[in-house]
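# sequence and predicted structure below; questions after.
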Amino acid sequence: MNTSRETLKTTVPGGGQRRRLALAGRAKPVASARGFTLTALDDWSWPGADDVVLLVAELVANAMLHTDGPLDLVLDATDARLRIEVNDPSPALPVPRQPHLPHLPGGHGLYIVRRTSDRWGSTPHPQGKTVWAEIDADRPAAP
């Protein structure tokens, strides 16, 4: 598996692929989400696996800490980008701590998501919300 941010051709099926992992009630949802993500990234030859797994872990952990827990994880891949979605039952949209205070415990998850992803946000829906992050496939290699 490729774990650096090299620009490589992915093997995502034409038209893209969407994979979903139910997390509601699952023991160790962060670990389950990491393993599910690593398998998908390997199948797709997706570059930058370390960053993607970090984003997944942060989004699922945030749902664990700030809501009644994650409902599911969705990975939506195309040749151009990977979208990570974590659905949870809370209607409260996430708000990053401003300013980011690295010397204090807590409040670092959304900072990590913002710095690691190309785009991120949240979308309310009748069952709660989706917090999402996207990574472009053609990102330059990390130093």
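Cool, the structure landed. Just so we're clear, the structure is a prediction, and the values are computed from it rather than from any experiment.
# mind telling me what element Val52 is part of?
helix 49-66 (DSSP states H and E).
# buried residues in the helix or strand just after that helix, which are they?
Going down the chain from helix 49-66, the next helix or strand is strand 72-77, by DSSP H and E. By 16 or more other Cβ atoms under 10 Å, the buried positions in strand 72-77 come out as 72-73, 75-77. From N, CA and C alone the C-beta is placed, and that goes for glycine too.
# and of the residues you listed, the nearest to Pro47?
Ala77 (11.7 Å; Cβ to Cβ).
# do I have it right that that closest one meets Trp46?
Yes - counting by Cβ atoms under 8 Å, Ala77 does reach Trp46; the two are 6.9 Å apart.
# show me whatever sits in contact with both of these two.
Between them, Ala77 and Trp46 share these contacting residues under Cβ atoms under 8 Å, 6 or more residues apart in numbering: 10, 12, 40.
# the residues you listed, buried ones only, as a PyMOL selection?
Here is the PyMOL command that picks out the buried ones among the shared contacts of Ala77 and Trp46, judged by 16+ other Cβ under 10 Å:
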select buried, resi 10+12+40
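# next, format the shared contacts of Ala77 and Trp46 as TSV and append secondary structure.
Listed next are the shared contacts of Ala77 and Trp46 as TSV, based on DSSP: H, G, I helix; E, B strand; the rest coil:
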residue	secondary structure
Thr10	coil
Val12	coil
Ala40	helix
